[in-house]
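**Q** Give me the fold of what follows.
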Amino acid sequence: MSATVESFLARARAGGTVYITEVRRAFEALPPDRRFRFGLGLTLPDGTQRRCVLTLPRFDGGADDPTRTFIEEYFLAELYNRLSALGPRALEFRAEPGTPEAVWLHRRFEEAFGLGQSRKDRRGYGRAVNVLERMVDSLERTTGSRMTCRFTEGRVEDAPAPARARKGAALEVARRALAGVAGRTLLGIDVGGSDIKLALSLDGRLAALKEYDWFPARFTRIASLTDPIEALVRLMTWKAVALGADGSPDPALDAALAPAFAKDADDNAVHRALDAAAPLVARRPTTFKLDGIGHSFPDVVVRDKIVGGEVYKTRGIRDNAAVDYESEFRGLTDLDERLRPYLKDGARVATVNDGPMAAFTALVEGSLADPQSVENGIFAHTLGTELGTGWVTEEGLVPDIPLEVYNFIIDLGSYPERAFACDDPRSVRNFNTDLPGTLQKYTSQSGAFRLALNSFPTERADLMREILEKRFVAAAGPSSMRIPSETKDLRKPFLEYLMGLPDRDRQPSVNRIFTEIGEFLAVATLECNQILNPAARPRILFGRMVKNHRCFELMREGARRIDPTLELVQAADDIAASKLMKELKADPHHTVAQFAQAVGAIYYAASRG
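**A** Numbers count the residues shown, from 1 in each chain. All right, here's what the predicted structure looks like:
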């Protein structure tokens, strides 16, 4: 075993990737006398049970032995990925009697995940524990829930095969959503790390679209997140009134709101328009309210409540010593309550993570274009500021689990890139946890930045000069880089630049950015299949990073190097099958790639009440 681990270590030290999937295969292939089995039982927040078995090599050596350290890191990564996906409230470890390695690893799990620490003191792996504890608090209306863990000795049984639900239920949900837009005024909101997109439908007609740029990672109070969202809901509600949602159109009100819908209208423009419109709204005899809001938010969401609190968007608030984060975060958890005054009695703010919203969008459109293709549900990813993941099961349900796939550790190598601080765009360290090797730095825009900035200085000095001339990166110290975001956020322009390169320069050094992202997506797919085993096998890709067809084709090429059977599907204009999505496709100023999830959120609201 030492020789196998040594080969992984040599590659890692040389800067190569060491995928968790290949390490798992190597460990499982060991002869019985050189490995042991570790049973793991997970109790999910709703009380259901999941079981799995991990195969690990026998090991000795001191705590600082590199081989032992590598095995330990693999073990913790396996657990971290499962906690990030499933959010169990309790764990049970089980090993055959006389397995000292199991005792050691169990103890390391409790230490590394900070089970004895407070939430504010947990770092690294412990952030996943914080999320699952907040989930339980929200579900049970408690505070201060704690994850439990125990170790037992005994026979390790194979995990049972998962049961499958009946086919056809997902289609029923999609058809309910399609029928539910008629005769109603619905608002769809897609909140991202760089912008918020909103779509308004009146009686089954796409009536208005709005894009609002922001940078929530800079915020230090929850109100900086929630205030703009409420202001935008007010804007779109009043737009509905101006377009005649409660009677006849109001041209004066529409004219007052118009500056807020101009391209690049900032926060000040929105509030000036609202101030100008307020007297006109106040003179109306009744207060108009929406029939429903569908809301996509990039954090863990359970039963319409935002419960995660460990994402990049809230990092500035977590780091603000002037606030008690747990109390402050409740303002975001209860965003649905804050928006309820804009709704009719009995209507709801149907909130879900941005990944499941993408999956639901694909379900609705696919139910019309090819009903058979969605019988097993949908598994989707959004590729933009972060990697979002969405799963709608064959029953048409969004599971109440964290599904934080962007936090999956897929790479146990790339040691030189671990040396950079997490905010350096060349680093493989997660912004939120500082853990190396997570998908956040591999498949989202951060992955594109990292791959370019680590290869161009030696392989494409001409392109590196262009990047510096355009000031997409700047020095942040003697040996560190940053992407400027203070005066103007350059993340979007930098990503657009990189996505434009394959069309003008088809050299391997350029293509490799996107083929490697495709490899990472394939490894992510293998991990999702291993942990979640969804019935849906194709992966639908949404977001800015796939709107360029050449970039998507390169990703697909890279993915097939890892898994030749993997089917990646580009959610571009050809996804449009529903009436609202076709109207979006026909819009001369906005694209399906931009607003698909906001329109999907309208259908999600229609399906939920």
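**Q** Just give the number of residues close to L532.
**A** Per other C-beta atoms under 10 Å, the neighbour tally for L532 reads 20. Any C-beta I mention is one placed from the backbone N, CA and C, and that applies to glycine too.
**Q** Now for the closest residue to it other than its chain neighbours: which residues touch it?
**A** Spatial nearest neighbour of L532, chain neighbours left out: A85 (6.2 Å); criterion: C-beta to C-beta, 6 or more residues apart in numbering. The contact partners of A85, taken as C-beta atoms under 8 Å, 6 or more residues apart in numbering, are I401, P402, L403, E404, V405, F408, C528, I531, L532.
**Q** Report the buried residues of the helix or strand that contains A85.
**A** Per DSSP states H and E, A85 falls inside helix 66-86. By neighbour count on 16 or more other C-beta atoms under 10 Å, the buried set for helix 66-86 is 67-86.
**Q** now A255: how far from L280?
**A** To L280, A255 is 9 Å away according to C-beta to C-beta, to the nearest Å.
**Q** Pick out whichever of these two has more residues nearby.
**A** Set A255 next to L280 and count neighbours by other C-beta under 10 Å: L280 wins out with 18 against 14.
**Q** List the contacts of that one.
**A** D250, A252, L253, A256.
**Q** Wasn't it part of a helix?
**A** Yes: counting by DSSP: H, G, I helix; E, B strand; the rest coil, L280 is part of a helix.
**Q** That one and T237, how far apart?
**A** As defined by C-beta to C-beta, L280 lies at a distance of 13 Å from T237.
**Q** R338 now?
**A** Note on R338: its distance to T237, by C-beta to C-beta, is 14 Å.
**Q** Among those two, which residue is more densely surrounded?
**A** It is T237, of R338 and T237, that has more neighbours when counted by other C-beta under 10 Å, with 23 against 16.
**Q** Need the pLDDT of Q570.
**A** What the model reports as pLDDT for Q570 is 88.
**Q** coming back round to it: quick check, pLDDT for the residue nearest to L532.
**A** Reading off the model, A85 has pLDDT 96.
**Q** For this structure, which helix or strand comes out least confident on mean pLDDT?
**A** Every helix and strand in the chain was compared by mean pLDDT, DSSP states H and E; the lowest is strand 474-477, with a mean of 80.
**Q** Who is V191 paired with across the strands?
**A** Bridge pairing for V191 (DSSP bridges) gives the partners I196.
**Q** what number of residues lie near it?
**A** By other C-beta under 10 Å, 29 other residues sit near V191.
**Q** now the stretch 1-150 of the chain, which segments are flagged as low pLDDT?
**A** Flagging of the stretch 1-150 of the chain using pLDDT under 70 yields the residue ranges 1, 61-63.
**Q** hang on, the earlier thing: can you give the distance of the least confident helix or strand of the chain from its chain's centre?
**A** Centroid separation for strand 474-477 versus its chain: 28 Å, with C-alpha atoms, centre = their mean, to the nearest Å.
**Q** Which neighbouring elements make contact with that strand?
**A** The helices and strands touching strand 474-477, judged by 3 or more C-beta pairs under 8 Å, 6 or more residues apart in numbering; DSSP states H and E, are strand 480-482.
**Q** Settle this for me: F219 is touching D319, isn't it.
**A** No: using C-beta atoms under 8 Å, F219 makes no contact with D319, being 10.7 Å away.
**Q** These two - which one has more neighbours?
**A** Counted by other C-beta under 10 Å, F219 and D319 do not tie: F219 has more neighbours, with 20 against 10.
**Q** check contacts around that one.
**A** By C-beta under 8 Å, 6+ apart, the neighbours of F219 are L225, K313, T314, G316, I317.
**Q** switch the cut-off to 6 Å
**A** By C-beta atoms under 6 Å, 6 or more residues apart in numbering, the contact list for F219 reads L225, G316.
**Q** so where's this protein uncertain?
**A** Scanning the chain with the threshold set as pLDDT under 70 gives 1, 61-63, 164-166, 572-573.
**Q** So it: which segments form each domain?
**A** Using automatic domain parsing, the domain ranges for the chain come out as 2-148, 182-234+274-372+587-607, 373-575.
**Q** First-to-last residue distance for the shortest one?
**A** This means domain 2-148. Domain 2-148 has an end-to-end distance of 34 Å (criterion: C-alpha to C-alpha, to the nearest Å).
**Q** what about it, distance to the chain center?
**A** Domain 2-148 has its C-alpha centroid displaced from the chain centroid by 22 Å (C-alpha atoms, centre = their mean).
**Q** Residue for residue, what is the longest helix the chain has?
**A** When the chain is parsed with DSSP state H, its longest helix is helix 508-531.
**Q** Keeping just the C-alphas, turn the one helix or strand I317 maps to into CSV.
**A** Assigned by DSSP H and E, I317 falls within helix 315-318. The C-alpha coordinates for helix 315-318 follow below in CSV (Å, rounded to 0.1, in the frame of the first residue of the first chain):
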residue,chain,number,x,y,z
ARG,A,315,-18.5,35.6,4.7
GLY,A,316,-18.2,39.3,5.4
ILE,A,317,-21.1,39.0,7.9
ARG,A,318,-19.5,35.9,9.5
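**Q** mind checking how far that helix is from the chain centre?
**A** Taking C-alpha atoms, centre = their mean, one finds helix 315-318 lying 18 Å from the centre of the chain it belongs to.
**Q** Which residues does it contact?
**A** Here helix 315-318 makes contact (C-beta under 6 Å, 6+ apart) with A217, R218, F219, T220, Y325.
**Q** Okay, buried residues for the next helix or strand after that helix please.
**A** Downstream of helix 315-318, the next assigned helix or strand under DSSP H and E is helix 325-333. If you call a residue buried by 16+ other C-beta under 10 Å, then helix 325-333 has these buried ones: Y325, E326, E328, F329, R330, G331, L332, T333.
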